[in-house]
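[1] I'd like to go over a predicted model; first the sequence, then the structure.
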Protein chains: 2
Amino acid sequence: MQFQLTDELIEQVKLLVEEQSDKELQKLLKEFHYADIAEILDELNLEEAIYVIKLLDSETTSDVLTELDEDNREKILKNLSDKEIAEEIEELDTDDAVDIISELPEERQQEVISKIEDEEHKAEITELLAYDEDSAGGLMAKELVKVYETWTVAGCLRRIRGQAKEVTRVHSIYVVDKQEKLIGRLSLKDLIVAKNDKKISDIYISNVDYVKVDEDVEDVAKIMAKYDLEAIPVVNEDQILLGRITIDDIVDVLKEEAEKDYQLAAGITGDVVADDSILELTRARLPWLVLGLVGGVGAFLIMEGFQESFKEKAILFFFTPLIAAMAGNVGVQSSAIIVQGLANDDVRGSVNSRLIKEMLLAALNGIILAIFLFLFVWFYKGELDKAIAISVSLVAVIIVAGLIGTFVPLFLNKQGVDPAIATGPFITTSNDILGILLYFWIAELIISLYS
Amino acid sequence: MQFQLTDELIEQVKLLVEEQSDKELQKLLKEFHYADIAEILDELNLEEAIYVIKLLDSETTSDVLTELDEDNREKILKNLSDKEIAEEIEELDTDDAVDIISELPEERQQEVISKIEDEEHKAEITELLAYDEDSAGGLMAKELVKVYETWTVAGCLRRIRGQAKEVTRVHSIYVVDKQEKLIGRLSLKDLIVAKNDKKISDIYISNVDYVKVDEDVEDVAKIMAKYDLEAIPVVNEDQILLGRITIDDIVDVLKEEAEKDYQLAAGITGDVVADDSILELTRARLPWLVLGLVGGVGAFLIMEGFQESFKEKAILFFFTPLIAAMAGNVGVQSSAIIVQGLANDDVRGSVNSRLIKEMLLAALNGIILAIFLFLFVWFYKGELDKAIAISVSLVAVIIVAGLIGTFVPLFLNKQGVDPAIATGPFITTSNDILGILLYFWIAELIISLYS
C-alpha cells in the first residue's frame, strides 16, 4: 500500500501535463492520497503544478494545498485568484483554512475572506485569525460535536448525525451547559451503549481535560502527549467552549519543535531543508560561522599573548586544538542534557545541586581523560612538567566547560529565552576561548613552579 | 486544570506515607490522573513508591506502572510478586501489557504470563511478545473493533456494543471477509448515520491504509503522520488483520526518535536523562570525549610535524583553533541538514548533485569568511603572504568540511547505518584533524611561493 515517489512517476506526470492529457492525468492522480499528490506537485515546476491543481476537483485541491511545501504553496497561491482561493477555503476545516490564509500577504487576506460565501465559515475563520499562531487558539478548529446537558440520548444521536457530517472525525462529544460552558465529555461509544431515554446529564463524564485559548502550543503538546489525548477542547477564561485541537496537529508541532532544536544544536537557524536555495541556506548557516570566526580570532589573540611566555615551549601551543575540542564537546554534552530535561519538565531541584552534580561528573570524566593525556605526553616527550601542566589544565577546562554548559541553559530558561539556543556553536565558541585561556593560565602557573 | 508537581505536594505524600494515613492518601491521589501519580511516584524513594502502589486500586496501579520512568518501574516490579504483576497485566491493553512484561528478566516473563487468568489475554500477549519491538508487531495492540462484511448495520451496532467495552477508544471499525482478511474500514459515525437494514458490504470504505506486521516503527510513524491517521490496522503477509497501532504510541516513538538524534548530535549515547547517576552519564558521555582526545592528539602530532617548516612563523599555529572550529561547525551544519532530510525522505536526486550544491554553498560561505579573516590578518599583522595563506586555506578547509559532512551521512545511509551517528563528535573530530592538516599543507605551499 505504501506510496513511493519515483522519478518515473514524476516523469509520467510531467509528460501528461505537456501533452495536456487531462483525462489520463485525472485518472492517474485519482488513485493517490492528497498527501501523495502534494509530494508529486512539490517536484514539478510552478506552471506544471498549477496545471495539475486546476485539473483536480475542488475538494482534493484544497486538501493538497494544505500538504504542500510552504514555499511552493506560496507560489501557487500567488497564481490563483482571490475567488479561487476562497473556493478552496470553503472546503477546508477552519484550522486548515486559517493556516493557508495567514500565509497570504495581509492585504490579500481580507480580499479572500470577503469572497467566502458561507457566512458562518467566514465568521469562524475571522475569529481564528485573531489568535497568536503559537497559542492554542491559533491551532484549534471550530468544528466539533457539542451537546447540551439537558438533551436525551435519543435526541442527542439525532442531532449529532447533523453536526457530525461537518466534522471529519468525532473524537469526543463535548457537553456544555446553557451558558455554553464546558462541563464534561462523552464518547460516541458511551452514547451508543446508553439507553435512548437517558439524559446527557446522567451519563456524561465531568472529568474533562481542556486548555485555555492563550495556552502555548508547546504546553498543549505536552499535555496531550502526557495524557494520551487525541483531541482536547479549548475554552476562554469564562470556561466557554471555543474549539478543539486534534492530535494530528500536535504531531506536526512536535516534529517542528524537534527539527528546530536539532538545527539550533547544529548551528542552523530559520527552518531550512536540504532542498532550499544556496542563498537561503547561507542565510541560515553564515551567522553561526561568523560567530565561530570571531571565536577563532579570539583564540588567536590569546595564543599570541602567551607567545613570549612559552617561547621555548612550542609544544604547549600544539595542544590548543585538543583543549578547544574537549571544552566544546563537554559544553555541548552538558547543555544538551539540560535543554532536553527542561523541554520534558524533568529538571527538578536547585541550580546549585545541578552544578555540583555536573562538577563531579566533569571531574570524573576529566580525570580519566587527563590520565591518558598525561601518559601520552610523558612517554612521548619525556617532559614531566609539561605532562603535568597539560593534564591538570585539561581537568580544569573540562570542569569549567561542564559548569558553563549546565548554567547557561538554566539561566536562559529562567530569563524566558529558549534554552536550545545555548547548545551548538554558541556554547562551543565561548568554551573554546575560555578553555584556551584557562589552559594557558594554568600551564603557565604549573611550569613556573617547576623552573 | 493543569497539574503542577510541587515540592509541597511531594512532601505531603511523603508525610502521609510515613504516618500510614492510608485513607487520606487515597483521597488525595484519587484526584489525580494516573500520569500525574506516576510523576509523584518518580520523586519518592522505592519503599514509599511501593507503599503507594499497593494502596491504589488495581486499575489505577496498572495505568500508573505504564507511565513510570523505566528505571523506577524496574525497581518496583522487582518488589512485586509474579502474581501481583500478573494481576496488573490483566487490567492493561495488550500493547501496554507487553511493554511491561518485556522489561522483566527472561526467566520471570514466563512465570508472570503463566499466572494470567484470562486465557485469551494470555495468548494475545504471548503472540505480541514474539514480535521485534521496533516493528509494527511490537507496537500494536490486539484490542480493536472488527466486523464482517456480511453483517447488517443493526447487527453490527449490537455486536460492537460488546466489543467496544474492551476497547478504550474506537477509532475505526475494521471490516474483514470470511477469511479474516482486512478489506476496508468504517467509522462509528458512518455506522450511526447509516440505515439499520443496510449491509456492511454496502457501506464500508474499501480504501484503507494498513501496515505489514514487520514494518519498521519509524516508517509506521512516517505513514501515520503523513496521512494524519489516528490508528492504523496491522496485517500479516496474507492480509489477515492482526492488530492496530494508535497515534498515542506513535507520539511516543516520535519523541524518542527526536531525543535520540538530538543526543547523538551532542555526543551522548544510550538515552540518558539529567537525573541519571553520574556513572550512567559518564558511560554515555566518555566514549565521545575519548574520541575527541584522540582527535586532539592527532592535531598535536600534525602541528609538531610542521614545527620545523614554520619555525619563524609561529603566527600560523595560532590560527589552528580557528581552522578546527570552522571545519567542525561547517561539517556539523551540512551533515545535520542531510540527516534531517533523510529522516523526512526528502533528500532526492543524485549524490553528485548534492555534493556540487554543498561545494558551492561552502565556497560562498568560505569566501565571505575568508575576506574577513584576510582583512584582519593583513591590517593587524601587515603580512600579506600569511594573510593570503590563511584565508585561502580557510576556504579550502570549509569546502572539504562541507563535502565530508554531506557525503558521510549519505554513505552511512546507503550502508544501512543510522546517519545520525555522523553528526556531532564524529564529524567534528575528523574534520578537525583533516582541516588542520589541509591548512598547513596549503599554507606551506602558498608561503613557499612568496619566499
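    Sure, I can see it.

[2] quick one: what helix or strand has the closest residue to residue A:222 other than its chain neighbours in it?
    Closest residue to residue A:222 in three dimensions, ignoring its sequence neighbours and counting by Cβ to Cβ, 6 or more residues apart in numbering or on different chains: residue A:345, at 7.1 Å. Where C-beta positions appear, they are placed from N, C-alpha and C, glycine not excepted. Element membership for residue A:345, per DSSP states H and E: none, as it lies in no helix or strand.

[3] give me the pLDDT for residue A:1.
    On the pLDDT scale, residue A:1 is placed at 51.

[4] from residue B:421, how far out is the residue nearest to residue A:222?
    For residue A:345, the distance to residue B:421 (Cβ to Cβ, to the nearest Å) stands at 28 Å.

[5] more neighbours, the two?
    Neighbour count, other Cβ atoms under 10 Å in any protein chain shown: between residue A:345 and residue B:421, residue B:421 has more, with 19 against 13.

[6] which residues touch the more buried one?
    Contact partners of residue B:421, counting by Cβ atoms under 8 Å, 6 or more residues apart in numbering or on different chains, are B:264, B:412.

[7] contact residues of the stretch 101-250 of chain A facing chain B?
    Applying Cβ under 8 Å from any Cβ of the partner chain, we find that the stretch 101-250 of chain A lies next to chain B at A:157, A:160-161, A:164-165, A:169-170, A:187-189, A:192-193, A:209-211, A:223-228, A:230, A:247-248, A:250.

[8] do that again at 6 Å, thanks
    A:161, A:164, A:170, A:188-189, A:193, A:225-228, A:230, A:247-248 (Cβ under 6 Å from any Cβ of the partner chain).

[9] measure stretch A:136-149 end to end?
    Across stretch A:136-149, the straight-line distance between its terminal residues is 25 Å, by Cα to Cα, to the nearest Å.

[10] so what's the residue count around whatever residue of the stretch 1-150 of chain A ends up closest to chain B?
    Closest approach of the stretch 1-150 of chain A to chain B (Cβ to the nearest Cβ) occurs at residue A:35, with a separation of 5.1 Å. Here the number of neighbours of residue A:35 (other Cβ under 10 Å) works out to 18.

[11] wait, a helix at it?
    Yes: according to DSSP: H, G, I helix; E, B strand; the rest coil, the state of residue A:35 is that of a helix.

[12] just checking, it touches residue B:225?
    No: applying Cβ atoms under 6 Å, one finds residue A:35 not in contact with residue B:225, separated by 9.7 Å.

[13] spatially central, which residue of chain A would that be?
    With distances taken as Cα atoms, centre = their mean, chain A has residue A:257 as the residue nearest its mean C-alpha position (1.4 Å).

[14] tell me which element it falls in.
    Assignment of secondary structure by DSSP H and E places residue A:257 within helix A:247-265.

[15] residue B:258 versus the closest residue to residue A:257 other than its chain neighbours, what's the distance?
    Excluding its sequence neighbours, the residue lying closest to residue A:257 (Cβ to Cβ, 6+ apart) is residue A:218, at 6.5 Å. Using Cβ to Cβ, one gets 13 Å for the distance from residue A:218 to residue B:258.

[16] how about low-confidence regions in the stretch 351-451 of chain A?
    By pLDDT under 70, the stretch 351-451 of chain A has no low-scoring segment.

[17] which residue ranges form the strands in it?
    Assigned strands in the stretch 351-451 of chain A: none (criterion: DSSP state E, counting those that start in this stretch).

[18] and it, which residues reach chain B?
    Taking Cβ under 6 Å from any Cβ as the criterion, the neighbours of chain B within the stretch 351-451 of chain A are A:360, A:361, A:364, A:365, A:369, A:425, A:432.

[19] got these as CSV, with neighbour count columns?
    Below are those laid out as CSV (neighbours: other Cβ atoms under 10 Å in any protein chain shown):
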residue, neighbour count
A:360, 15
A:361, 25
A:364, 18
A:365, 24
A:369, 23
A:425, 28
A:432, 30
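
[20] bridging residues for residue A:145?
    Beta bridges link residue A:145 to residue A:173 when assigned by DSSP bridges.

[21] residues near it, how many?
    Counted by other Cβ under 10 Å, the residues lying close to residue A:145 total 22.

[22] tell me the pLDDT of it.
    In this prediction, residue A:145 carries a pLDDT score of 85.

[23] verify the stated contact: it with residue A:174.
    No: taking contacts as Cβ under 6 Å, residue A:145 lies outside contact range of residue A:174: 7.0 Å.

[24] still on that earlier bit, looking at residue A:218 and residue B:258, which one has more neighbours?
    Applying other Cβ under 10 Å to residue A:218 and residue B:258 shows that residue B:258 carries more neighbours, namely 20 against 15.

[25] report pLDDT for that one.
    For residue B:258, the pLDDT comes out at 84.

[26] can you give me the helices for the stretch 1-150 of chain A?
    A:7-18, A:22-30, A:34-43, A:46-55, A:58-67, A:70-78, A:82-91, A:94-103, A:106-114, A:119-129, A:136-139 (DSSP state H, counting those that start in this stretch).

[27] list the contacts of residue A:119.
    By Cβ atoms under 6 Å, 6 or more residues apart in numbering or on different chains, the contact list for residue A:119 is empty.

[28] from residue A:363, how far out is it?
    Residue A:119 sits 69 Å away from residue A:363, going by Cβ to Cβ.

[29] how about residue A:278, what does it touch?
    B:360, B:361.

[30] mean neighbour count, the helices of the stretch 1-150 of chain A: which tops it?
    Scoring the helices of the stretch 1-150 of chain A by mean neighbour count under mean count of other Cβ atoms under 10 Å in any protein chain shown gives helix A:136-139 as the most buried, with a mean of 25.

[31] who's in contact with it?
    By Cβ under 6 Å, 6+ apart, the surrounding residues in contact with helix A:136-139 are A:131, A:132, A:211, A:213, A:215, A:217, A:220, A:234, A:245, A:249.

[32] which one of these is nearest residue A:67?
    Using Cβ to Cβ, residue A:249 is the member of the contacts of helix A:136-139 that lies nearest residue A:67, at 13.3 Å.

[33] how many neighbours does that closest one have?
    Applying other Cβ under 10 Å, we find 21 residues neighbouring residue A:249.

[34] then residue A:79?
    There are 13 residues near residue A:79, going by other Cβ under 10 Å.

[35] picking that back up, now render the helices of the stretch 1-150 of chain A as TSV, adding mean pLDDT.
    As requested, these are exported to TSV (pLDDT from 0 to 100):
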stretch	mean pLDDT
helix A:7-18	90
helix A:22-30	90
helix A:34-43	90
helix A:46-55	91
helix A:58-67	88
helix A:70-78	88
helix A:82-91	90
helix A:94-103	91
helix A:106-114	90
helix A:119-129	92
helix A:136-139	93
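
[36] make a markdown table from the ones you listed and add distance to residue B:320 to it.
    Output for the helices of the stretch 1-150 of chain A, formatted as a markdown table (distance: least, Cβ to Cβ, whole Å):
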| stretch | distance to residue B:320 |
| --- | --- |
| helix A:7-18 | 45 |
| helix A:22-30 | 57 |
| helix A:34-43 | 43 |
| helix A:46-55 | 48 |
| helix A:58-67 | 48 |
| helix A:70-78 | 40 |
| helix A:82-91 | 56 |
| helix A:94-103 | 47 |
| helix A:106-114 | 51 |
| helix A:119-129 | 54 |
| helix A:136-139 | 49 |
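
[37] nice, that's everything, thank you.
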